[in-house]
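**Student:** What follows is a predicted structure for the sequence shown.
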Amino acid sequence: MPGDYRMRFYKVILALFDIFLVNIGFIVSFWVKFVWSEEENSAPFKVKLFGTLIPQNNLDPYIHLIPWISAVAFIIFYMFDLYSNWRRKSLTHLLSAIFLSIISLSLITMAITFWYRGFAFPRSVLIVAAAVQVFAFAISRTSIWYFAKRFYGKRQVVIIDAELENGLNLVEKFLRHAVGWFIVKDFILLNDWKTSKSRIDSADVVLIGANVHRQEKAEIISFCAKYGKEVLVVPELYELFILGAESQQIDDLLVLSIQPPKLTPAQLFTKRIFDLVFSGLLLVLLSPVMLLVGLGVRYTSPGPVIFKQERLGRNGVPYTIYKFRSMVNNAEKISGPVLATSKDPRITRFGSWIRATRLDEIPQLFNVFKGDMSLVGPRPERSFFIQQFQKTLADYSYRMSVKPGITGLAQVMAKYSTTAEDKLRFDLMYVRGYSFGLDIKILLQTLFVVFRGEQAAGVTKKDAKQREELVKSFNYGYLTDIKYKK
């Protein structure tokens, strides 16, 4: 069975098993509620379940809604990426996804059952079911995760890049990655790779950096394919345009049709309607939160509650963005335009908290409602920084072919400290692969950022000495030797 079909078959089986666990959770919760309850004696109609009589008027709403609950469960688990490849991801991330998806399922199930039969579906059953489901999913998915890690973990990695500094950056990313999936074995400068094939041959995975030219990249990939090595490629920005390209035939010539990275009129219309409705709803629901945060800003730091700043929107059109002020008033009066750093002295204590929880972003819902922004899209940036990025990143302007967003693919996949080039890769991938479902998926996965808080940290200042200690601690004799020689 080919790899793609095998993976699809595996996902179908996993989805069916997940639906089974969801319904087992409800069945067990019914049994727990009524096994010691005296309510069964007064109910005129009863159903026997594991030796316990369950009132039929309580069980019937669940039985009739099994198809709907199962469908909702599948959609939620898909949106929280529980059917993506969990190899090489952290167990903490997996458990967070399980917890958030079960909570979301419980809330939606509560709404569905209330609409269907009022309070006939016991609320306590939902609470117990959620606990049982979290436990069952944690056990099953953790077992699968450990099984995958045992057979696919500890892959020996060789990194190839044209520059030593970039190679060190790539090494650091592996060191910060979930422990146990990769072991960085070696780093090879691009000029030396042809004379170092024996070192590549002893590895499981070869990572090719972004600075490797196309011809040399093709040669390395061809060599690795010949000897059965997995290749990880940091794509050049132009290569992201090929994603989703349509294959066509001109006479006997195979070509790929690459369209400009932009949304169709139908997609723009759907996106705008969703933004208008959802932002309006959120503004109403979050109004008490906005009041409390506004009071917090007002009484913890002198200055205006709302911070206003000019940003560039779709096609470079300027607009004024609104945020709750998280820094001291006039923070850039002396420093000028600079990105926030970790432990930035300009950030107030209350501001640090609302930045970590993303509460400072809530006023941008007004920008969405007005049409300046979208709920999902590349983060808006100032003209000052855009001009700098465009000098080194020729494709940077393509990210402005859509409206900027409160959250985006780069925000859920990367970190605040991720480089502009790496964030641009995620932004271009979002524009190329846009769909309404992807927007919903990103919105739900934004809960990870709020729930975990890691990605909200400011830009970390590079400490060369600490990097050197990291490299030495992993016994990179070759890597440190060539650094000292250089």
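**Tutor:** Okay, I see it. All values reported here derive from a predicted model rather than from experimental measurement. Numbers count the residues shown, from 1 in each chain.
**Student:** Flag the shaky bits of the protein, pLDDT-wise.
**Tutor:** Within the chain, the ranges that satisfy pLDDT under 70 run 1-4, 34-58, 116-121, 331-344, 416, 451-486.
**Student:** For the residue nearest the centre of it, which non-adjacent residue is spatially closest?
**Tutor:** Computing the C-alpha centroid of the chain and ranking residues by C-alpha atoms, centre = their mean puts V412 first, at 3.4 Å. In space, and not counting its chain neighbours, V412 is closest to Q445: 4.5 Å by C-beta to C-beta, 6 or more residues apart in numbering. (Glycine included, C-beta is placed from N, CA and C.)
**Student:** contacting residues around the one you found?
**Tutor:** Q445 is in contact with M79, F80, D81, V412, counting by C-beta atoms under 8 Å, 6 or more residues apart in numbering.
**Student:** And for L443?
**Tutor:** L443 sits next to L375, V376, T407 when contact means C-beta under 8 Å, 6+ apart.
**Student:** quick one: which of the residues you listed is most hemmed in?
**Tutor:** In terms of neighbours by other C-beta atoms under 10 Å, these top out with V376 at 29 neighbours.
**Student:** Isn't L126 up against T109?
**Tutor:** Yes: assessed by C-beta atoms under 8 Å, L126 is found in contact with T109 at 6.2 Å.
**Student:** So which of the two has more stuff around it?
**Tutor:** More crowded of L126 and T109, by other C-beta under 10 Å: T109, with 23 against 19.
**Student:** For V72, see how far away that one is.
**Tutor:** Computed as C-beta to C-beta, to the nearest Å, the T109 to V72 distance reads 7 Å.
**Student:** now swap in K403 and tell me
**Tutor:** Using C-beta to C-beta, K403 is found at 29 Å from V72.
**Student:** With I27 instead?
**Tutor:** From I27 to V72 the distance is 17 Å (C-beta to C-beta).
**Student:** Among the contacts of Q445, which one lies nearest to L170?
**Tutor:** Nearest to L170 among the contacts of Q445: V412, at 21.8 Å, using C-beta to C-beta.
**Student:** any idea how far T446 is from that closest one?
**Tutor:** Going from V412 to T446 by C-beta to C-beta gives 6 Å.
**Student:** Please identify which helix or strand holds the closest residue to A130 other than its chain neighbours.
**Tutor:** Distances taken as C-beta to C-beta, 6+ apart put S106 closest to A130, at 4.4 Å, once the chain neighbours are dropped. Secondary structure assignment for S106, by DSSP states H and E: helix 91-117.
**Student:** packing partners for that helix?
**Tutor:** Contact here means 3 or more C-beta pairs under 8 Å, 6 or more residues apart in numbering; DSSP states H and E; on that basis helix 91-117 packs against helix 56-79, helix 123-152, helix 436-452.
**Student:** how far does the last one sit from the chain's center?
**Tutor:** Distance of helix 436-452 from the chain centroid (C-alpha atoms, centre = their mean, to the nearest Å) equals 7 Å.
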